[in-house]
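Student: structure here, sequence nowhere to be found:
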């Protein structure tokens, strides 16, 4: 979320094709009229997109009110129910934009209030309260699943569905990363009154290799930490390595050699157990490898342990003993006449 002294437009970087598409959608929907839903992972800048949408439309001089789905941050009298809190939020944004963050977490009564407010904007019954406000909501990418599960009202969803903006994760818009990082470095340097450090190209390359599970929100945090930690005039690759979390390789497992795949998995395991007393890692790893191996080979042989033992290079009794130790089913599937002929039994 941006503080009031920052301009949203300055931080919406669109060097990438995917973000240029977002800008196109903003221009299309910035008429201050029908509701808009902004979908994406947390940290991608969904609220930033909503603010730019507000600023570019005819309601730009009106209020931009961002509320949580519970409407707890709306001033209300004690005892007000969810419907009244939602109505107060709509009134507070009159003439401007109301952003409801994470619409999937709204209560059913609040959803009904919001649905009526959107649907009844045109003059209707005299006793119906009208709300002169554009409603914008943020949601995860699986909004449709929330609708199918009846978490989000289908009627409310249909009001938003025609005007949907999808904000890509940072890992899918790496062309934007250098500019985004430079802008946040400049911002945090100005906040603490120091000269803005430059950023080495190798440091940017390190940033591009990281998968960014926290998206732009995480990038901002990394920029702030580097501005505070690095007192030199240039941020180097080693500085980035010191603050980035250690993660597994981004290479897909299916593209790795078997030994490298096992090594990658074990590296993650060792990090997770660091600090815990473990004395039987060898047996645990072997059991984790043997179980899927036996499972697949037995499935391949139709449950025939004799053929499975032959493929595995084990004695049949040894295989049975291992299956018992692993708690795996022992019963052999009874072969039909054709299977017995093929097995040579």
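Tutor: Thanks, I have it. Note that the structure is predicted; figures quoted are calculated from it, not measured.
Student: just checking, residue 98 is part of a strand?
Tutor: Yes. According to DSSP: H, G, I helix; E, B strand; the rest coil, residue 98 belongs to a strand.
Student: output the longest strand belonging to the chain.
Tutor: strand 134-139 (DSSP state E).
Student: for it, what is the distance to the chain centroid?
Tutor: Between the centre of strand 134-139 and the centre of its chain there are 18 Å (C-alpha atoms, centre = their mean, to the nearest Å).
Student: residues touching the helix or strand just after that strand, excluding its own?
Tutor: From strand 134-139 onward toward the C-terminus, using DSSP states H and E, the following helix or strand is helix 143-148. Contact partners of helix 143-148, identified using C-beta atoms under 8 Å, 6 or more residues apart in numbering, comprise 37, 39, 103-104, 139-140, 152-154, 157. (Each C-beta comes from the backbone N, C-alpha and C, glycine too.)
Student: for these, which PyMOL command selects only the ones that are buried?
Tutor: Applying 16 or more other C-beta atoms under 10 Å to these, the buried members can be selected in PyMOL as follows:
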select buried, resi 37+39+103+104+139+140+152+153+157
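Student: keep only those of the contacts of helix 143-148 that are in strands.
Tutor: 37, 39, 139.
Student: tell me the contacts of the nearest residue to residue 192 once chain neighbours are set aside?
Tutor: If the residues on either side of it in the chain are set aside, residue 192 comes closest to residue 227, at 6.9 Å by C-beta to C-beta, 6 or more residues apart in numbering. Residue 227 makes contacts with 185, 188-189, 192, 194, 197, as judged by C-beta under 8 Å, 6+ apart.
Student: give me the mean pLDDT for the one helix or strand residue 227 maps to.
Tutor: If you go by DSSP H and E, residue 227 is part of helix 215-229. What helix 215-229 shows for mean pLDDT is 95.
Student: quick one: distance of it to the chain centre.
Tutor: How far helix 215-229 lies from its chain's middle: 18 Å, per C-alpha atoms, centre = their mean.
Student: buried sites along that helix?
Tutor: Here helix 215-229 shows 215-216, 218-220, 222-224, 226-227 as buried, counting by 16+ other C-beta under 10 Å.
Student: residues in contact with the helix or strand following it?
Tutor: Toward the C-terminal end, the helix or strand that comes next after helix 215-229 (DSSP H and E) is strand 234-235. By C-beta under 8 Å, 6+ apart, the surrounding residues in contact with strand 234-235 are 185, 197-200, 203, 226.
Student: which among those end up buried?
Tutor: 185, 197, 199-200, 203, 226.
Student: make JSON lines out of those and add distance to residue 286.
Tutor: Output for those, formatted as JSON lines (distance: C-beta to C-beta, whole Å):
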{"residue": "185", "distance to residue 286": "48"}
{"residue": "197", "distance to residue 286": "50"}
{"residue": "199", "distance to residue 286": "46"}
{"residue": "200", "distance to residue 286": "45"}
{"residue": "203", "distance to residue 286": "42"}
{"residue": "226", "distance to residue 286": "43"}
